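Colleague: everything below, folded, please.
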Amino acid sequence: MKVMRYRTDEGVFTVLLVKTGNKWAQVMFMDAAGIRIKRVPVADIERYMWELECYPLQRAVRRFRAAGKRFGITGGAKQALKGV
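Modeller: Now for the predicted structure:
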């Protein structure tokens, strides 16, 4: 799992890269709709994402869990955060 910055049409988000496959990657988003895992193409990782080396993974996990209590979290996202 890595802490990444993701540039989209709606803005720039801090996301967690959960798993990378051959064609798709699982990315954990945090927004007003809650914490959820979305599938994005692997080409988007190379094009629109960059890794945040100065941001510790444990701090990001703490923030995602706290936001999940407040805004809601899906079951898959909760299970992925437990694995860290």
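Colleague: and the residue lying farthest from the centre of the chain, what pLDDT?
Modeller: Distance to the chain centre peaks in the chain at Asn22, reaching 18.2 Å (criterion: Cα atoms, centre = their mean). Asn22 carries a pLDDT value of 94.
Colleague: now do Arg59
Modeller: pLDDT at Arg59 comes out at 93.
Colleague: next structured bit after the helix or strand hosting it?
Modeller: Arg59 is part of helix 57-71, with elements assigned from DSSP states H and E. Per DSSP H and E, the first helix or strand lying C-terminal to helix 57-71 is helix 75-82.
Colleague: list the buried ones in that following helix?
Modeller: Ala77, Ala80, Leu81 (16 or more other Cβ atoms under 10 Å). (C-beta placed from N, C-alpha, C; glycine too.)
Colleague: now these in a markdown table, with pLDDT?
Modeller: Formatted as a markdown table, these follow (pLDDT from 0 to 100):
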| residue | pLDDT |
| --- | --- |
| Ala77 | 91 |
| Ala80 | 91 |
| Leu81 | 90 |
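Colleague: out of the residues you listed, who's nearest Ile45?
Modeller: Ile45 has its nearest neighbour among the buried residues of helix 75-82 in Ala80, at 16.9 Å by Cβ to Cβ.
Colleague: how about the nearest residue to that closest one, chain neighbours excluded?
Modeller: Closest residue to Ala80 apart from its sequence neighbours, by Cβ to Cβ, 6 or more residues apart in numbering: Val18 at 5.1 Å.
Colleague: hang on, the earlier thing: let's verify the residue farthest from the centre of the chain: helix, strand, or coil?
Modeller: Classification of Asn22 using DSSP: H, G, I helix; E, B strand; the rest coil returns coil.
Colleague: need the contact list for it.
Modeller: Val42 (Cβ atoms under 8 Å, 6 or more residues apart in numbering).
Colleague: quick one, phi psi at it?
Modeller: phi -80, psi -40 (degrees, to the nearest 10).
Colleague: thanks again, I'm all set now.
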